[in-house]
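# Output the structure for:
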Amino acid sequence: MRSNFRIFKSALIALISISTVLFSLVAQAEHHAEAAKPETNVRAMSMTIEAVITDIDLETRQFTVEGPNGQPITMTAAEKVVKLEDVNVGDTIVATYFTSLESELREPTQEELAEPWVVLADAAKSEADEQPAIGGARMIRAVCTIEGMNRVLGTVTIMDPRGKLHLIGDVEPEKMEGVTLGQTVVMVYTEALAVTLEPVAK
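From the prediction side, this is the model:
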């Protein structure tokens, strides 16, 4: 019970903090807009999954897990919240992470194809870094391919230009209309930020 309460408390504090960070990221990203576009609708969402760690990079604090559907998902461990050093490749863990998806979902321009992965805003380099526990959240505009969609669960799996897979949840069904597997699209999203990481007892 105490462990569950600690996880809930950490996730709740992180939710409040990351909301502040995301508002800051959106404000920064607006300065990078090159053309007028529809009204932005960025929503933070949280997901909890049980998965197996397949790769860890302590320098970037990124780790990859094999998700419930068998596909790899890359996340960034929140600093001072997640002790990435305490887990190893092969461990089964329960992770709670936050991400966001902007309403933009369209065909890429020639300029975007030439530069398919752009950091629009980096919380680690912004005033929002006053919330150190959420350091590392980045808003990305990327030319991605759609690798999976689940309209019932509201999830979309995308592959970024670096070959990393991301699972984005709480996606409205209407955003998936006309989108097909393997399609190349432009997405603006916040990289998955893990705020709890608990090993599953063997």
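# doesn't Gln62 make contact with Ile73?
No. Using C-beta atoms under 8 Å, Ile73 makes no contact with Gln62, being 10.9 Å away. Glycine gets a C-beta too; all of them are placed from N, C-alpha and C.
# Compare neighbour counts for these two and give me the winner.
Ile73 (24 against 19; other C-beta atoms under 10 Å).
# Check what pLDDT the more buried one gets.
On the pLDDT scale, Ile73 is placed at 88.
# picking up where we left off before, can you list residues touching both of Ile73 and Gln62?
Common neighbours of Ile73 and Gln62 (criterion: C-beta atoms under 8 Å, 6 or more residues apart in numbering): none identified.
# Any idea how many residues pack against Lys80?
Counted with other C-beta under 10 Å, Lys80 comes out at 9.
# Surely it is in a helix?
No. Checked against DSSP: H, G, I helix; E, B strand; the rest coil, Lys80 lies outside a helix; its state is coil.
# Show the backbone phi and psi for Ala192.
For Ala192, the backbone dihedrals (degrees, to the nearest 10) come out as phi -60, psi 130.
# Surely it touches Lys164?
No. Using C-beta under 8 Å, Ala192 makes no contact with Lys164, being 9.9 Å away.
# if you count what's nearby, which of those two comes out ahead?
Per other C-beta under 10 Å, whichever of Ala192 and Lys164 has more neighbours is Ala192, with 22 against 19.
# Three-state assignment for Val186, please.
Put simply, Val186 is strand when judged by three-state DSSP.
# Who is it paired with across the strands?
With DSSP bridges applied, Val186 shows beta-bridge pairing to Arg106, Val143.
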